[in-house]
Every structure is written in C-alpha cells, then in structure tokens.
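Engineer: Fold the following and give me the result.
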Amino acid sequence: PYTTLFRSKTMITAVIVTYNRRKLLVRCVEHLRRQTVRLDDIIVINNGSTDGTDAWLDEQTDLDVIHQENVGGSGGFYRGIQHAFDEGYDWIWCMDDDVYPEPDCLERLLEQDDERTGILCPLRIQNGQMFLSEVRKFNLTNPFQSLHCFKLSKEDVEGKDAVDIEGITFEGPLIKREVVGQIGLPSKELFLLYDDSDYGYRAVIAGWQIKLVPKAVLNKELFFVDDDRVTQVQKGKWKLYYHIRNTVYFNRKYGKNLFVRNLRSLGVLLQYQS
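Structural biologist: Next up is the predicted model:
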C-alpha cells in the first residue's frame with residue numbers, strides 16, 4: 001500500500017507523540033514553528049493525555065491533531081508516520097514532546113541529504129552536554145559484549161559534518177518517504193522502547209544509510225523529581241517489563257548467530273530476575 005508520490009515541492013511534516021506533558025509539548029511546538037526551513041505541517045499524536053493537553057491542542061489552528069488512547073510511544077509513532085505518509089509528505093520528522101530543536105536544526109539536517117541517505121538524526125544536547133545513546137553499529141555477533149558496545153563517543157562526532165550510525169532514537173530522526181514506502185511502519189506491538197532501534201535497523205537492512213548530523217542540535221529535557229517545569233515525575237519501574245521483553249525481541253530477531261539470539265537473551269532475563 002505504500003507508494004511514492006511525486007511533486008515539484010518537497011513537503012515536510014513533524015510528528016510529535018505526547019502523553020501528559022503539556023508544558024513540554026507547548027515548548028516543542030513553539031520551536032518547530034520557528035524553524036528556518038518552514039514545516040508544511042505539524043502532526044501531534046495525543047496518547048490519551050489527562051492534563052489539559054487535549055484542550056490546548058484543540059485551540060491550535062495550525063496543528064494536525066489526532067487524539068487516541070494511550071498505545072505507547074511505538075503506537076503513537078505508528079499512527080503519526082502512517083498519517084504523514086498517507087498525506088503525501090516527503091520527509092517525516094519524528095520526536096517526543098520532551099525535546100526542542102534549535103531554529104536551524106531542520107535546515108542542518110537537510111544539508112546532509114543524498115541519494116543513499118534514508119534517515120538523518122540530530123545531535124541531542126541535555127544540560128549543555130552531548131546526549132549520545134546512538135550506536136555506530138549494533139553488536140549482533142558477540143554475545144559476551146553489550147548490544148550497544150559500539151556507542152558513539154564525543155570524539156566520534158566532534159568536528160564532523162555527519163557520522164554513519166545504525167542505532168537511532170525517536171527523538172528527532174528525519175525520515176525519507178521512500179524509507180517508509182520500502183520498510184513500512186514502526187512495530188506498534190513493542191509499545192515502548194526498542195521501537196526506534198528496530199525501525200532504524202530495518203532501514204539499514206533495506207540498504208539505507210543513517211547519518212547523525214552534529215550541527216543539527218536538538219535539546220533534550222533534563223528531568224528532576226521536584227522540577228516545576230514537569231508535572232509528571234519519571235518513575236520507570238513499570239518500563240522494566242518493556243525493556244526486558246523488547247531487548248530479548250531485538251536480539252532474537254537480528255542476532256547473527258544462535259549465541260546472540262539465545263545466550264544473550266537468557267542473560268538479559270537472568271540479569272533482571274528478582
């Protein structure tokens with residue numbers, strides 16, 4: 001069902017997935033509105049927020065809003081990317097509500113586009129420091145080392161126009177329409193965590209290049225327990241289930257040998273056994 005539309009003008013939309021973080025969402029939207037490369041649309045997927053987010057969104061005449069039940073981040077990006085694709089956009093810029101791009105972030109990303117590139121990722125900055133969780137490549141062969149043992153370092157990105165990576169996060173990736181047409185939508189069944197890793201690696205397997213662009217800066221919120229800017233305290237014990245389940249899923253799906261697919265998966269289960 002995914003076909004490429006041809007048009008004379010490149011059409012770009014942002015997709016934000018939000019849940020109960022109205023103040024952060026407002027900031028994110030304002031920064032998107034101020035991009036030096038104008039967005040043709042901003043799509044907001046509201047995952048059943050109960051903090052007044054829905055009322056604020058309904059007042060915004062320039063936003064394309066979808067209200068739905070809370071189906072997790074993966075379900076949110078599934079719906080948002082699907083909607084953006086169906087609307088014919090050439091680039092889909094995905095992000096959570098707790099990030100906010102510098103005014104030239106989108107412009108800097110687009111500068112690094114070429115025929116082989118399918119996804120362009122910004123450099124995330126948190127509290128004035130690089131926030132690097134992306135990996136140059138996944139370790140899918142050695143079960144005794146971490147899946148993420150080839151994580152990017154400051155030295156990898158400093159002074160570079162772009163760096164090739166395999167692991168992405170849904171905090172700022174700019175996805176080319178042709179990628180969605182080839183590999184489809186994110187796996188909504190994952191609900192939370194590893195949906196972005198899975199989607200990026202599917203693009204790599206399909207032959208697309210993913211680049212991190214250090215000059216494209218995306219700021220990331222620093223959460224504090226008693227921070228008035230944030231109404232929802234980030235307590236993540238309930239997320240542990242998804243972390244374990246989806247880590248095992250990723251290793252079993254993409255591991256290059258039986259040891260990674262089974263031994264590492266067993267190790268993950270044993271590590272968190274209470």
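
Engineer: got a list of what Glu171 touches?
Structural biologist: Residues near Glu171 by C-beta atoms under 8 Å, 6 or more residues apart in numbering: Met95, Asp96, Val99, Arg124, Leu218, Lys220. Placement of C-beta: from N, CA and C, glycine included.

Engineer: Identify the bridge partners of the closest residue to the last one other than its chain neighbours.
Structural biologist: Spatial nearest neighbour of Lys220, chain neighbours left out: Gln126 (4.2 Å); criterion: C-beta to C-beta, 6 or more residues apart in numbering. With beta bridges defined as DSSP bridges, Gln126 has these partners: Gln129.

Engineer: Out of the contacts of Glu171, flag the one nearest to Val17.
Structural biologist: Nearest to Val17 among the contacts of Glu171, counting by C-beta to C-beta, is Asp96 at 6.0 Å.

Engineer: For that closest one, give me its contacts.
Structural biologist: Applying C-beta under 8 Å, 6+ apart to Asp96 gives the contacts Ile16, Val17, Thr18, Gly73, Phe170, Glu171.

Engineer: Just the ones in strands from those, please.
Structural biologist: If you go by DSSP state E, the contacts of Asp96 have Ile16, Val17, Thr18 in strands.

Engineer: Give the full set of residues in contact with the last one.
Structural biologist: Under the criterion of C-beta under 8 Å, 6+ apart, the contact list for Thr18 reads Leu24, Leu25, Val44, Ile45, Asn46, Asn47, Ser49, Thr53, Gly76, Asp96, Asp97.

Engineer: Distance of the closest residue to it other than its chain neighbours relative to Arg22?
Structural biologist: What sits nearest to Thr18 in space, not counting adjacent residues and going by C-beta to C-beta, 6+ apart, is Asp97, at 4.1 Å. Asp97 sits 9 Å away from Arg22 when distances are taken as C-beta to C-beta, to the nearest Å.
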